[in-house]
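**Q** Build me a structure from this.
(2 chains, ligands or ions: 4)
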Amino acid sequence: MAESDDEYVQDISDDEVEAHQVTRSAGTGSRATGQGSRGAGWEVTRTWENVVEGADGTISSTVEGLLEAGKRKRLLKDTTPLQRGIIRHLLLVLDLSTAMSEKDLRPSRYLLTLRYTTAFIAEFFEQNPISQLGIIGTRDGLALTISPLSGNPNDHISNMQKLFEQEPKGQPSLQNALDMARAALFHAPAHTTREVLVLFGSLLSSDPDDIHATISALVSSHITVTIIGLAAQVAICLTLATRTNPLLPPSQTYNVALNEAHYRDLLMRATTPPTTSHSTTEDSGVKSSLLMMGFPSRIVDPSPTLCACHSRPTRGGYLCSRCSSKVCSLPTQCPACGLTLILSTHLARSYHHLFPLRNWREVSWARASVSSQKVCFGCQAPFPERPASLRRQSISGGQNHDRMSLATSESQLHPPKAAHISNANKDGVSESGRYECENCRRFFCIDCDVFAHEVVHNCPGCQSREGVLSFQTRKGGE
Amino acid sequence: MNAPPLSLLTIILDTNPHAWALLTPTLPLSAAIANLLVFINAHLAFNNSNKVAIIASHTQRAEFLYPVPSQDDSLQANGSAHNGAQNDLDGDAKMVDSDEGSGTAAGDDANHYRPFRHIQTILLSAISKLYKTTSSESLTPTTSIAGALTLALTYINKQSIALSTTTSSKTNADTFVAPSDPNLIQPATLNPRILILSVSGDLAHQYIPIMNTIFACQRLTIPIDICKIAGDSVFLQQASDATHGTYIALTHPRGLLQYLMLGFLPDQSSRKYLVPPTAVGVDFRAACFCHRKVVDVGFVCSICLSSKSGLSTVLCWNYSVRRRKAPHV
Ligand SMILES: [Zn+2]
Ligand SMILES: [Zn+2]
Ligand SMILES: [Zn+2]
Ligand SMILES: [Zn+2]
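**A** Ligands and ions are numbered 1, 2, ... in the order given. Here you go, the predicted structure:
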């Protein structure tokens, strides 16, 4: 089926139209009026063509430059501190229809989705320890609960295991799944986010009724829907994503996975808490409120005592900070007084979303050669020396190299803050292999750059700068 | 990958002059460093490919004590002197004899095993340099443990990238793709751990950066061991607990060497077979964002997660949350 892209698209759109007609005849008559425009709307667009060229357009450059650019590209994101909905309610909708048995993603869309979802669950709770997750599947035109909303990753992962023994079958029903998700999110408190993430492999949806009514209902309940497509862009998904996320560009809410790694990237991106409440959206779902929480201390009793949660004798445990009942594990609610008990380390996991580390700037050879710093401040690895043949290379080195040196010389002209913004769109490779923190003016290698921004979220230089206390540096960053 | 698993021990030495001055009657800094050197030598003697890095957490800065950059490329000297594995991976070009790598340091004492000497010379000169460059204005009772931890992590990251069979770029691509999978980030051959010799308390103003490093260690499965010689710090207890490290508060600082040898010498893989000294209770309180006070019941803003202690500040923070787009700018 997938030998030729053109044929593939053609086939799909034919299937698509037939399936749509079947659905329509099953549904109410009111849909017939929109037939003409709707047919055009469901048309398949080949998004992969522009994406491949646009995002990774550095194919002509050297392999090393490409890899370094790839690392940098992921780093150069917006680092303005934003309010984020840290306490989340997320429903994951999995497509379990026959379209998922396609093998264009190895080993198959279905197995890959299940495997990635399992990893996603673990990562989601790593990043959002006080959030709730639920999983819904859709097949045979029905929606089914795979794992109800809960805060325990192990429950979800064991519920997911059952799916590995099943086969994808039938057609998906986006509408049924969304309605079920809406019902599940109905009771989510106002200070939490209400999110639906759809992993959609089909190019059709077999719906009982007008899906646009469902979308309107989602909008009015402040539920945001993000979609990851596995086959091609589908118009209804785009409508769904744009209508439920009016403030975000579609590129952030609806994407089609190009390959396995891209699929994983897209999925893992959803583990980052979403930004919330721009000033214009007073009535957008999330309200800020203050939650009383206890940070209990762990104790080890000399002899076993009963815990308040399971009435089992245990020695270790945590004492509620308000009523001193003993609970076995955190995070939890105190069974006696209802206080939310968490570890401060749970909260701390989300701090880097709130105080992001600013991007580091590329360093030109001109700047690098006046500095006395010869090794990376973070890891003590020596920096490359300035090559003698540099000037000659930059003339004959081809388009990419010119663009790079242009980018860095441009950033030299701007004052640091403007450069920080203007660099965000370029491939961001530093010609000298050095990256500079604008706060502490220290140079780092690419590995430390990636590591500091992706894993530690601290600048090694700022944290050890003479005379500057770290917290103030971070807070007063802007 | 036939090389024996090497362990990379990163020691963070709290060099706060205030705290050491107070400790002088029981354990002067010189004695502590002498003890530490014996411990380092024991670590290096355990396995030929073991490595060590020492970072000073000084009053207001953190700094590498070993390895330090010098004219003769001391990083490479470190690699070739104590480690065969790196040479295997980097190719034959760097297969130099250890004598050449640390050639400048060799000399006077023929009875002193050269790698040990190498470290001793560098460490002692780095520490004396550190104290010489300390100005009296920077003498505060705090210590920049967050900076030292961050440096330790970037160093460990670089070493594990250098060690992994895959190219450095590949490892990092995987780091991003699967951040939750520790096997992809830490190649099985590198056994990193961090040991903090702490003498001072009062870390509340570094709460966020310390928590960031703890979380990073947790992800990378790097244990943080704490050897608490003096002072008291809530966050270091949490650090060792969250990363499954060892926390020992010394009751007799004079016996530092014995604590080090018995409590901290075994690496991650051998600890599985031992009964580690466990901290009885761990204080999991958080720092409040308004007064930098350590609290056990606080109000947490549902959007920004900052914890607050009292109602008056609750109101003012809440006000700012509603009024401004980004309350923490
Ligand atoms: Zn219990
Ligand atoms: Zn209670
Ligand atoms: Zn570096
Ligand atoms: Zn910095």
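**Q** which regions of the chain sit below the pLDDT cut-off?
**A** By default, I'm working from chain A. Counting by pLDDT under 70, chain A has low-confidence residues at A:1-86, A:276-291, A:344, A:350, A:354, A:388-428, A:465-478.
**Q** Chain B is the one I meant
**A** Within chain B, the stretches with pLDDT under 70 are B:1-4, B:70-109, B:138, B:165-189, B:202-204, B:278-329.
**Q** can you list the domains in chain A?
**A** Annotated domains of chain A cover A:88-283, A:293-347, A:361-477 [automatic domain parsing].
**Q** Looking at these, which is nearest to B:Glu137?
**A** domain A:361-477 (8.0 Å; C-beta to C-beta). Any C-beta I mention is one placed from the backbone N, CA and C, and that applies to glycine too.
**Q** With distance to B:Gly255 and mean neighbour count added, can I get the domains of chain A in CSV?
**A** Converted to CSV, the domains of chain A look like this (distance: least, C-beta to C-beta, whole Å; neighbours: other C-beta atoms under 10 Å in any protein chain shown):
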stretch, distance to B:Gly255, mean neighbour count
domain A:88-283, 39, 19
domain A:293-347, 24, 18
domain A:361-477, 31, 19
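**Q** would you list the ones you listed in a markdown table and tack on distance to B:Ile33?
**A** Shown next, in a markdown table, are the domains of chain A (distance: least, C-beta to C-beta, whole Å):
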| stretch | distance to B:Ile33 |
| --- | --- |
| domain A:88-283 | 39 |
| domain A:293-347 | 32 |
| domain A:361-477 | 20 |
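**Q** Distance to chain B for these - can I get that in CSV?
**A** Formatted as CSV, those follow (distance: least, C-beta to the nearest C-beta, whole Å):
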stretch, distance to chain B
domain A:88-283, 4
domain A:293-347, 3
domain A:361-477, 3
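**Q** Ligand 3 contacts on chain A?
**A** Within chain A, the residues that sit near ligand 3 (C-beta under 5 Å from the ion) are A:376, A:378-379, A:445, A:448.
**Q** In three-state terms, label the residue lying closest to A:Ile211 once chain neighbours are set aside for me.
**A** Spatial nearest neighbour of A:Ile211, chain neighbours left out: A:Gln175 (4.5 Å); criterion: C-beta to C-beta, 6 or more residues apart in numbering or on different chains. Following DSSP: H, G, I helix; E, B strand; the rest coil, A:Gln175 is assigned to helix.
**Q** likewise B:Cys217?
**A** helix.
**Q** Distance check, it against A:Cys337.
**A** For B:Cys217, the distance to A:Cys337 (C-beta to C-beta, to the nearest Å) stands at 33 Å.
**Q** got it, and B:Tyr113?
**A** 61 Å.
**Q** Export the residues of chain A next to ligand 3 as CSV, with columns for distance to ligand 2 and secondary structure.
**A** Below are these laid out as CSV (distance: C-beta to the ion, whole Å; DSSP: H, G, I helix; E, B strand; the rest coil):
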residue, distance to ligand 2, secondary structure
A:Cys376, 49, coil
A:Gly378, 43, coil
A:Cys379, 46, coil
A:Cys445, 49, coil
A:Cys448, 44, helix
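**Q** what about stretch B:47-64 and chain A, any contact?
**A** Yes: using C-beta under 8 Å from any C-beta of the partner chain, stretch B:47-64 reaches chain A at B:60-64.
**Q** do you know which of the domains of chain A lies nearest ligand 1?
**A** domain A:293-347 (3.4 Å; C-beta to the ion).
**Q** and A:Val300, that one's in a helix?
**A** No: counting by three-state DSSP, A:Val300 is not found in a helix; it is strand.
**Q** quick one: the strands in the stretch 201-350 of chain A?
**A** For the stretch 201-350 of chain A, applying DSSP state E, counting those that start in this stretch gives strands covering A:224-229, A:254-256, A:290-294, A:297-306, A:313-319, A:326-327, A:332-333, A:340-341.
**Q** quick one: contacts for the residue nearest to A:Leu218 when sequence neighbours are not counted?
**A** In space, A:Leu218 comes closest to A:Thr244 once its chain neighbours are excluded; the distance is 5.4 Å by C-beta to C-beta, 6+ apart. Counting by C-beta atoms under 8 Å, 6 or more residues apart in numbering or on different chains, A:Thr244 makes contact with A:215, A:218-219, A:223-225, A:253.
**Q** tell me the angle the helix or strand where A:Glu126 lies makes with strand A:224-229.
**A** Under the criterion of DSSP states H and E, A:Glu126 resides in helix A:109-127. Between helix A:109-127 and strand A:224-229, the angle comes out at 140 degrees (axes from the mean of the first three to the mean of the last three C-alpha atoms, to 10 degrees).
**Q** Quick one: list the elements packing against helix A:109-127.
**A** Applying 3 or more C-beta pairs under 8 Å, 6 or more residues apart in numbering or on different chains; DSSP states H and E, one finds that helix A:109-127 makes contact with strand A:88-95, strand A:132-139, helix A:153-164, helix A:260-269.
**Q** now the first one against helix A:153-164, angle please.
**A** Yep, that's strand A:88-95 we're talking about. Interaxial angle of strand A:88-95 relative to helix A:153-164 (the same axes, to 10 degrees): 10 degrees.
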